[in-house]
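Colleague: how would this look folded up:
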Amino acid sequence: ELRNPTPARVNNLIRSTYASSVLFYIALGILGSLYASCTPLQSNVLKSFSDDDSIILVGRICLTFTIALAYPMLVVPARNVLLSTSTLSSSKSYSQEKDELEEELLPSLEEEESNTSDGKWKRILAAVFITWLATAMACCVSSIAVVWDFLGSSLSILLAFVLPCGSYLKLSSPKEESQKKFTHFGMDHCLLIRSHHGHWYF
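Modeller: Sure thing, here's the model as predicted:
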């Protein structure tokens with residue numbers, strides 16, 4: 001499918017991949033609930049078993065390889081977002097961009113090579129920064145339950161409700177109105193998140 005991709009083949013590949021993943025996780029969830037329905041478990045389920053269990057040892061090794069090989073796939077999108085944000089924050093005004101467009105449209109080969117090398121070093125430095133930042137944060141976290149709690153509450157609300165609606169308001173409204181709407185929108189959702197946390201705490 002990937003050697004000669006077409007929309008139909010790519011859709012079939014995506015559907016089959018997601019379907020197999022969903023079935024696999026459903027099977028694991030059902031078997032896990034049947035096995036440990038009345039057994040207290042730790043936040044990391046692998047710690048609930050004995051260290052001498054060979055099957056659990058294989059599971060720990062597979063989990064280590066999974067995290068080690070999947071982590072670079074997570075660094076690349078974060079690196080691209082970081083570089084895009086830095087590019088937008090350092091961009092010039094519209095008048096300056098217009099003046100630049102009136103200059104030479106075809107840059108020289110040396111300028112292209114220098115821009116390519118600069119972009120390569122920026123990507124490398126951004127990837128190293130994200131990797132070490134994530135490693136330092138992982139060392140400070142005492143339990144994986146802290147990560148699950150954060151992903152299950154604040155981040156889920158932001159990704160599911162706040163960011164899509166805020167992006168729509170920013171893109172669909174004029175500049176002055178969008179700023180007012182975006183301010184009110186952010187205040188309302190901050191109160192929503194605060195009330196959500198208060199509901200869980202009390």
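Colleague: so what secondary structure elements neighbour the helix or strand encompassing Phe129?
Modeller: Taking DSSP states H and E as the criterion, Phe129 maps to helix 109-140. Applying 3 or more CB pairs under 8 Å, 6 or more residues apart in numbering; DSSP states H and E, one finds that helix 109-140 contacts helix 54-89. The way it works is simple: take the backbone N, C-alpha and C, and place the C-beta from them, glycine included.
Colleague: Report the inter-axis angle for the helix it packs on versus helix 109-140.
Modeller: Interaxial angle of helix 54-89 relative to helix 109-140 (axes from the mean of the first three to the mean of the last three CA atoms, to 10 degrees): 130 degrees.
Colleague: pLDDT weak spots in this protein?
Modeller: Applying pLDDT under 70 to the chain flags the ranges 1-2, 36-43, 88-117, 152-154, 156, 159-160, 164, 166, 170-202.
Colleague: which residues does Cys140 contact?
Modeller: Taking CB atoms under 8 Å, 6 or more residues apart in numbering as the contact definition, Cys140 lies against nothing.
Colleague: count of neighbours near Ile14?
Modeller: By other CB atoms under 10 Å, 11 other residues sit near Ile14.
Colleague: do the same with Arg60
Modeller: The burial count for Arg60: 16, using other CB under 10 Å.
Colleague: which one is it nearest to, not counting chain neighbours?
Modeller: The shortest distance from Arg60 to any residue other than its chain neighbours is 5.7 Å, reached at Leu46 (CB to CB, 6 or more residues apart in numbering).
Colleague: Secondary structure class of Asn4, three-state.
Modeller: The assignment at Asn4 comes out as coil when based on DSSP: H, G, I helix; E, B strand; the rest coil.
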